[in-house]
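Peer 1: Okay, predicted coordinates and the sequence, questions at the end:
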Amino acid sequence: MRKSSTMRRNDRKIQGGEDQDQETRLEYLPIFLSVADQDVVVLGGSDGAAAKVRLLRRAGARVRLFARTLGPEMGELARVGQVALAGDRPTVDGLMGCRLAFDDGVDTDASAFLRARAPGLGLLVNTIDIPQACDFIVPAIVDRSPVVVAISTGGASPALAKLVRQRVESVLPAGLGRLARALLACREGVKRVLPTGRARLRFWDSFLTDARLDRLARCPVEQMGEQVAEDVESALSGTSDIDPAGEVTLVGAGPGDPGLLSLAAAQALRTADVVLHDALVSREVLDMVRKEARLISVGKRAGGAAMPQDMINRLIVTHARRGVRVVRLKGGDPFIFGRGGEEQAHLIAHGIHPRVIGGTTAALGVAATLGIPLTHRGVARSLRLVTGALGEGVEGSGVRNWGDLADPETTLCLYMAGRAVAEVARGLMAGGLSATTPVAAVWSGCTADQEHAFCSLGELALWTGDPRNGHPLLFIVGAVVAFAPAWKESRDQSGVQTG
Ligand code: SAH
């Protein structure tokens, strides 16, 4: 028995090895070949062959064309002197000295001759559109010369290659080629200042951030060279960490479920260099951040401040000035009890205009999961998002007259009310709200840890403390709570009359 199980394990190992080989095996060797001032054979005068002549000419090759007839495009290339006919049929002499040949496969006799002679002449043949008759294939390309992206599906599907090409096209800025040329022009200067290869590698790695690439590639044509040289110079002299164009995005992460992130927020997380996040941001959302990005927790929870706000503000500015993409990631929406307004003001005062991507605030996320319509025709005509945190956290300090909020047709969502909620409930009743007004309490809404409980406002006034301390807790107060499918069930069980 033991022996056979060992054997099975070994079998699996071998199998695994084969699988891995299969996965890593390349169908073709991707290379960029220099053909400048070299002769390349083209067989056939079709439009397909003409496309290859154009490509070869762009790469600086001379073309030896063998064709019996010229199609319209090849005819035009011949007319403008891009190609000259070497003969109507290939000959051994005509093929000699060439390393590459393109064949459109139209003249079958010529093709057969080429295929028979090619190996002896060391000639690699590409038969256009017939992958199985090719020593090499030509990839689809995204051309931002000198930056060129080559795409191959190993001949499996030219349509798929085209689709991939379109996607790559859409993410590469148009000015990328110009940027590459401008960088090339700076290389000698950098070499003089940083003589060792390693130092240069480090320099270019830290110089070329996503944010800088986007900014420079957007430069107007006539300013690009100068701007790149200026950036390189200040980076070399160590002043580049004062980058006025630091990019900051205030992003709302929603209440927890990554499905509630906006597409814009997800995109910002995928491209961030540094992410400063609150404790409220869920692990699942943090998992969406680009793997190479630096995650910094500035964890702040009501009552247990981990990092003072002014320190957070300074930290955002410090990172932004390094020219990296900074995301300030906040639970819910940045502008709802998120101090996003303060961070925005601080950044603007330091010359950085942040982009703001809104998020689903806890009240909206929580109401949706419980099926509570926050407004409802004839029941609730307005919605108030209120902080229940009393000034300085002193209970009973009377900073607010809660009775002012009492309106049977307004749904109240109480944020950060854990400690003060009994007092809030008493105030609301004193202001005229019925003790039977339904209340929902939701802990860690829209996360795997979500829990909820229902009660009446009268019961809430007797609240003595949060049984799940440490989990964010939101209260929804108002007649609409009774529309939650789980409400009736819970009332039936507890036997409390809600009227
Ligand atoms: N900017 C956030 C609110 C931050 S204030 C937003 O728009 O949602 C922190 C308070 O928000 C918590 O005390 C709690 O009342 C509420 N809260 C945030 N996330 C929550 C969640 N997942 N479940 C329940 N309440 C939440």
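Peer 2: Nice, thanks for sending it over. Numbers count the residues shown, from 1 in each chain.

Peer 1: Tally up the residues packed near residue 334, please.
Peer 2: Residue 334 has 27 neighbours, counted by other Cβ atoms under 10 Å. C-beta coordinates here come from the backbone N, C-alpha and C atoms, glycine included.

Peer 1: residue in the chain nearest to the ligand?
Peer 2: Nearest to the ligand in the chain, going by Cβ to the nearest ligand atom, is residue 332, at a distance of 1.9 Å.

Peer 1: residues near that residue, how many?
Peer 2: Residues near residue 332, counting by other Cβ under 10 Å, number 32.

Peer 1: cool, and the one 5 residues further on?
Peer 2: Residue 337: 19 surrounding residues under other Cβ under 10 Å.

Peer 1: Look at it and give its secondary structure.
Peer 2: Classification of residue 337 using DSSP: H, G, I helix; E, B strand; the rest coil returns coil.

Peer 1: Does it touch residue 386 like I think?
Peer 2: No: in this structure residue 337 lies outside contact range of residue 386 using Cβ atoms under 8 Å: 9.3 Å.

Peer 1: After the one helix or strand residue 222 maps to, heading C-terminal, what element do we hit next?
Peer 2: Following DSSP states H and E, one finds residue 222 within helix 221-236. Where DSSP H and E defines the elements, the next helix or strand beyond helix 221-236 is strand 247-252.

Peer 1: Give the pairing partners of that next one; include direction for each.
Peer 2: The strands beside strand 247-252 in its sheet (DSSP bridges) come out as strand 325-330 (parallel), strand 355-357 (parallel).

Peer 1: Dump those to a markdown table, plus mean neighbour count.
Peer 2: Below are these laid out as a markdown table (neighbours: other Cβ atoms under 10 Å):
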| stretch | mean neighbour count |
| --- | --- |
| strand 325-330 | 28 |
| strand 355-357 | 18 |
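
Peer 1: Now mean pLDDT and distance to residue 125 too, for the ones you listed, in TSV please.
Peer 2: Shown next, in TSV, are the strands paired with strand 247-252 (pLDDT from 0 to 100; distance: least, Cβ to Cβ, whole Å):
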stretch	mean pLDDT	distance to residue 125
strand 325-330	95	47
strand 355-357	94	53
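
Peer 1: closest one to residue 49 among those strands?
Peer 2: Of all the strands paired with strand 247-252, strand 325-330 sits nearest to residue 49, with 46.3 Å by Cβ to Cβ.

Peer 1: Helix or strand with the lowest mean pLDDT in this protein?
Peer 2: Lowest by mean pLDDT, DSSP states H and E among the helices and strands of the chain is helix 2-24, with a mean of 42.

Peer 1: could you point out which element follows that one?
Peer 2: Per DSSP H and E, the helix or strand that comes after helix 2-24 is strand 39-43.

Peer 1: neighbouring contacts of the helix or strand just after that following strand?
Peer 2: Later in the chain than strand 39-43, the nearest helix or strand by DSSP H and E is helix 47-58. Helix 47-58 is contacted from outside by 35, 40, 42-43, 63, 65, 67, 71-74, 76-77, 82-83, 102, 104, 126, 128-129, 138, using Cβ atoms under 8 Å, 6 or more residues apart in numbering.

Peer 1: what do you get if the cut-off is 7 Å, keeping everything else the same?
Peer 2: Helix 47-58 is contacted from outside by 35, 40, 42, 63, 71, 73-74, 77, 82-83, 102, 104, 128-129, using Cβ atoms under 7 Å, 6 or more residues apart in numbering.

Peer 1: burial measure for the nearest residue to residue 62 once chain neighbours are set aside, as a count.
Peer 2: Leaving aside its sequence neighbours, residue 62 sits nearest to residue 39 (Cβ to Cβ, 6 or more residues apart in numbering; 5.0 Å). The local packing of residue 39 (other Cβ under 10 Å) involves 18 other residues.

Peer 1: What of the one 10 residues further on?
Peer 2: The burial count assigned to residue 49 is 27, neighbours taken as other Cβ under 10 Å.

Peer 1: ok, residue 316 touching residue 326?
Peer 2: Yes: the criterion here is Cβ atoms under 7 Å, and residue 316 meets it with residue 326 at 6.1 Å.

Peer 1: intersection of neighbour lists for those two?
Peer 2: Here residue 316 and residue 326 have 248, 276 as joint contacts, going by Cβ under 7 Å, 6+ apart.

Peer 1: Near the ligand, which residues of this structure are found?
Peer 2: Contact residues (Cβ under 6 Å from any ligand atom) of the chain with the ligand: 255-256, 280, 302, 330-333, 336-338, 361-362, 366, 415-416, 442, 444-447, 472-474.

Peer 1: low pLDDT regions in the stretch 1-150 of the chain?
Peer 2: Counting by pLDDT under 70, the low-confidence segments of the stretch 1-150 of the chain come to 1-24.

Peer 1: domains for the protein, by residue range?
Peer 2: Per automatic domain parsing, the structural domains of the chain span 39-133, 140-171, 176-236, 245-360, 363-498.

Peer 1: With distance to residue 491 as added columns, please give the strands paired with strand 247-252 in CSV.
Peer 2: Output for these, formatted as CSV (distance: least, Cβ to Cβ, whole Å):
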stretch, distance to residue 491
strand 325-330, 36
strand 355-357, 39
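
Peer 1: out of those strands, which comes closest to residue 276?
Peer 2: Among the strands paired with strand 247-252, the nearest to residue 276 by Cβ to Cβ is strand 325-330 (5.2 Å).
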